[in-house]
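K.L.:
here is a sequence with its predicted model. Questions after.
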Amino acid sequence: MSLSEEQVGQIAYLARLSLSKKELESNTKDLNNILNLAEQLAQVDTHDVEPMAHPLHMSQRLRTDEVTEKDQSTLFQSIAPKTGKDHYLVPTVIE
Amino acid sequence: MHTKTIAQLSQGLKDKEFSSVELTQHYLNRINQSQLNAFITVTDEMAMKQAQAADEKIASNNANILTGIPYAHKDIFCTQGVKTSAGSKMLDNFISPYDATVSHQLNNADLVMLGKSNMDEFAMGSSNENSYYGSVKNPWDVTKIPGGSSGGSAAAVAARLSAFATGTDTGGSIRQPASLCGITGLKPTYGRVSRYGMIAYASSLDQAGPMTQTAEDAALVLNVMSGFDEKDSTSAEQDVQDYTANLNDSIKGLTIGLPKEFFSEGLDNEVADNVMAAVKEFEAMGATVKEVSLPNSAYAIPTYYIVAPCECSSNLSRLDGVRYGYRCEDPKDLEDLYLRSRSEAFGEEVKRRIMIGAYALSAGYYDAFYLKAQKTRHLISDDFKKAFENVDVIMGPVSPTTAFDLGSVKDPVSMYLADIYTLSANLAGLPGMSIPAGFAQNLPVGLQLIGNYWSESKLLNIAHQFQQQTDWHQKMPQEN
């Protein structure tokens, strides 16, 4: 299996990354090398083996459905790149 | 003062040989003179305030054993009001609005934070060369890497720029730099130390721990770092022991397992000699040695380099230039904002891992990669379970070689292969340590100890007993 530059560009886009032509070339090479390494897994006999979801096989702890957080929106928004009227601002999405 | 361990410094503070203010100033001076690039941010003003407060507690007999001890805090732990960059341009402007649980615990113990230590970007790396803030240099030879990702922490402790440091270990990031810099590092059992406010790389693998001169110091620090935290849904409801309680137990009758897979091709001969000499030392202390097998350990590399990137691609999706962190200039629309903010702010290795994760989790490839890796992970974990039926502790090398030259490894896969001995403990969630065990080519070599779940106390006991018989942990590099 080998990824083409076009496929790597598509993967980058899925991850919301854009790569220059040069980056695309080097990443295609590196990603293919890494995936070749990953293909060693095909040699492992995992018949009847359960996937390991948690190192301690713990199940997710539940808590009672109560409000525990206090409103700290002003504090949190103070470090945002751009805010206005208590909202995070981004370029217009819908005119 | 800087040559002293935490235990000795604590006694010195108690006996009024020096104050925390003097001690803190001394370390800050050392940091200022250092060329190692071990720190991203030095919090000198805050440190002096904390030191004054500590001195007041000492004067009024309200001190605990760690009161007034200065430390370096890996820049992956959120610290309220202080830049928390995770070694990334993405968070270069991020002043954390809250404290990580670990930061909170260390503050509560009256410790003095000297600054935030340098690291590979988002803890992805084994050489500290992936930091936005430049490489850290190995204090034993400034042309060598310190290891990573907790390279700044390891260099700071080795060069005695701080009494101890915090680290995090996802695939070896405490143990490997500890080994390459000649200090003691402990990665606890997964779930032992809270991950709340510790910037996530791979959530099912990340675990924080102490990086110190000695096992005794590691026990003192682990005592305050560990514990159940309801803010971390993966934190284990497991009682905290006093990790110093069993340090002096005899290790006579201890059974050591040596995995044959850890001594095969790729391991540097001199490193192997050092490791075996350390094992002999344990035998002289009354331990017995057995060969064990971890047949799937070779698959730890492909397993880790699928599981960790998958988790990272998900964890790092939050960094989108909207709520905090870097935002590109003049985005033309929302997509441009996402694409350029992320592309301009993430480094090469981070981008690579995000892309590997995005690919391995995508439709059609999930079974072949992610699911297959999670199944293999189970087999790796089962190998340890079997081995621990016959032995108390597993020993081996931490890294196949000593520290290599800065800039010498350019190919990502070659870099990944060097993680061979550390990855499997993370995949299984087991505790592991690196302790100084000698020198090869004038560079430190670490001995790795891997214990069963929740055996931190036992590991620290074993390491402490070794350090009573050897003086490798007391060796320090020349000033630079």
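P.N.:
That came in fine, so what should we check first?
K.L.:
show me the helices in chain A, by range?
P.N.:
A:5-14, A:21-38, A:73-77 (DSSP state H).
K.L.:
which parts of stretch B:326-343 are buried?
P.N.:
B:326-328, B:331, B:337-343 (16 or more other Cβ atoms under 10 Å in any protein chain shown). Bear in mind the C-beta positions are built from the backbone N, C-alpha and C, glycine included.
K.L.:
related to what we said a few turns ago, now mean pLDDT and distance to B:Met355 too, for the helices of chain A, in a markdown table please.
P.N.:
Formatted as a markdown table, the helices of chain A follow (pLDDT from 0 to 100; distance: least, Cβ to Cβ, whole Å):
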| stretch | mean pLDDT | distance to B:Met355 |
| --- | --- | --- |
| helix A:5-14 | 97 | 5 |
| helix A:21-38 | 96 | 6 |
| helix A:73-77 | 94 | 29 |
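K.L.:
so which of those gets nearest B:Asn128?
P.N.:
helix A:21-38 (19.6 Å; Cβ to Cβ).
K.L.:
hang on, the earlier thing: and the helices of chain A as CSV, adding mean neighbour count and distance to B:Asp75?
P.N.:
Output for the helices of chain A, formatted as CSV (neighbours: other Cβ atoms under 10 Å in any protein chain shown; distance: least, Cβ to Cβ, whole Å):
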stretch, mean neighbour count, distance to B:Asp75
helix A:5-14, 17, 27
helix A:21-38, 17, 26
helix A:73-77, 13, 20
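K.L.:
with distance to chain B added, can I get those helices in a markdown table?
P.N.:
Shown next, in a markdown table, are those (distance: least, Cβ to the nearest Cβ, whole Å):
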| stretch | distance to chain B |
| --- | --- |
| helix A:5-14 | 5 |
| helix A:21-38 | 5 |
| helix A:73-77 | 5 |
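K.L.:
tell me which residue lies nearest the centroid of the chain.
P.N.:
Since no chain was named, I'll use chain A. A:Ala15 (6.7 Å; Cα atoms, centre = their mean).
K.L.:
I was thinking of chain B, sorry if that wasn't clear
P.N.:
In chain B, the residue lying closest to the centroid (Cα atoms, centre = their mean) is B:Ile174, at 2.2 Å.
K.L.:
so what's that residue up against?
P.N.:
Residues in contact with B:Ile174 (Cβ atoms under 8 Å, 6 or more residues apart in numbering or on different chains) are B:150, B:167-168, B:185-187, B:209, B:211, B:434.
K.L.:
count of neighbours near whichever residue of chain A sits closest to chain B?
P.N.:
Closest approach between chain A and chain B, counting by Cβ to the nearest Cβ: A:Pro55, at 2.5 Å. For A:Pro55, the count of nearby residues is 22 (other Cβ atoms under 10 Å in any protein chain shown).
K.L.:
which of the buried residues of stretch B:326-343 come close to chain A?
P.N.:
Restricting these to those near chain A by Cβ under 8 Å from any Cβ of the partner chain leaves B:326-327, B:331, B:337-340, B:342-343.
K.L.:
get me the contact residues on the stretch 151-300 of chain B for chain A.
P.N.:
Counting by Cβ under 8 Å from any Cβ, the stretch 151-300 of chain B sits next to chain A at B:189-191, B:204-205, B:230, B:233-234, B:236-237, B:296, B:298-299.
K.L.:
for chain A, see how far away B:Gly364 is.
P.N.:
12 Å (Cβ to the nearest Cβ, to the nearest Å).
K.L.:
and the residue nearest to the centre of chain B, how far from chain A?
P.N.:
For B:Ile174 relative to chain A (Cβ to the nearest Cβ), the value is 16 Å.
K.L.:
what are the phi and psi values for the nearest residue to B:Glu311 once chain neighbours are set aside?
P.N.:
Closest residue to B:Glu311 apart from its sequence neighbours, by Cβ to Cβ, 6 or more residues apart in numbering or on different chains: B:Ala202 at 3.9 Å. Backbone torsions of B:Ala202, given as degrees, to the nearest 10, read phi -130, psi 100.
K.L.:
how many residues are close by B:Ala202?
P.N.:
Counted with other Cβ under 10 Å, residues neighbouring B:Ala202 total 24.
K.L.:
and if you look at the one 3 residues further on?
P.N.:
Applying other Cβ under 10 Å, we find 25 other residues in the vicinity of B:Leu205.
K.L.:
quick one: residues contacting it.
P.N.:
Each residue near B:Leu205 by Cβ under 8 Å, 6+ apart is listed here: A:55, B:170-171, B:190, B:304, B:307-308, B:311, B:426-427.
K.L.:
quick one: B:Val409 from B:Tyr196, how far?
P.N.:
The spacing between B:Val409 and B:Tyr196, counted by Cβ to Cβ, to the nearest Å, is 34 Å.
K.L.:
the more surrounded of those two?
P.N.:
Counted by other Cβ under 10 Å, B:Val409 and B:Tyr196 do not tie: B:Tyr196 has more neighbours, with 21 against 18.
K.L.:
now that one: which helix or strand?
P.N.:
Using DSSP states H and E, B:Tyr196 is not contained in any helix or strand.
K.L.:
can you verify my assumption that it contacts B:Ser103?
P.N.:
No: using Cβ atoms under 8 Å, B:Tyr196 is not in contact with B:Ser103; the gap is 9.8 Å.
K.L.:
save the helices of chain A as TSV, and put in distance to B:Phe18 too.
P.N.:
Below are the helices of chain A laid out as TSV (distance: least, Cβ to Cβ, whole Å):
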stretch	distance to B:Phe18
helix A:5-14	55
helix A:21-38	51
helix A:73-77	38
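K.L.:
still on that earlier bit, among the contacts of B:Leu205, which lie within helices?
P.N.:
B:304, B:307-308, B:311, B:426-427.
K.L.:
and B:Lys74, its phi and psi?
P.N.:
phi -50, psi 140.
K.L.:
so what pairs up with it in the strands?
P.N.:
Per DSSP bridges, the residues bridged to B:Lys74 are B:Ser117.
K.L.:
and it, how far from chain A?
P.N.:
Taking Cβ to the nearest Cβ, one finds B:Lys74 at 20 Å from chain A.
K.L.:
by mean pLDDT, point me to the weakest helix or strand of chain B.
P.N.:
The least trusted helix or strand in chain B, going by mean pLDDT, DSSP states H and E, turns out to be helix B:412-417, with a mean of 95.
K.L.:
just the strands from the stretch 351-480 of chain B, written as ranges.
P.N.:
All strands of the stretch 351-480 of chain B, identified by DSSP state E, counting those that start in this stretch, fall at B:393-397, B:432-440, B:443-451.
K.L.:
so who does the residue lying closest to A:Pro55 once chain neighbours are set aside touch?
P.N.:
Spatial nearest neighbour of A:Pro55, excluding adjacent residues (Cβ to Cβ, 6+ apart): B:Gly429 at 2.5 Å. By Cβ under 8 Å, 6+ apart, the residues touching B:Gly429 are A:55-56, B:189-191, B:381, B:453.
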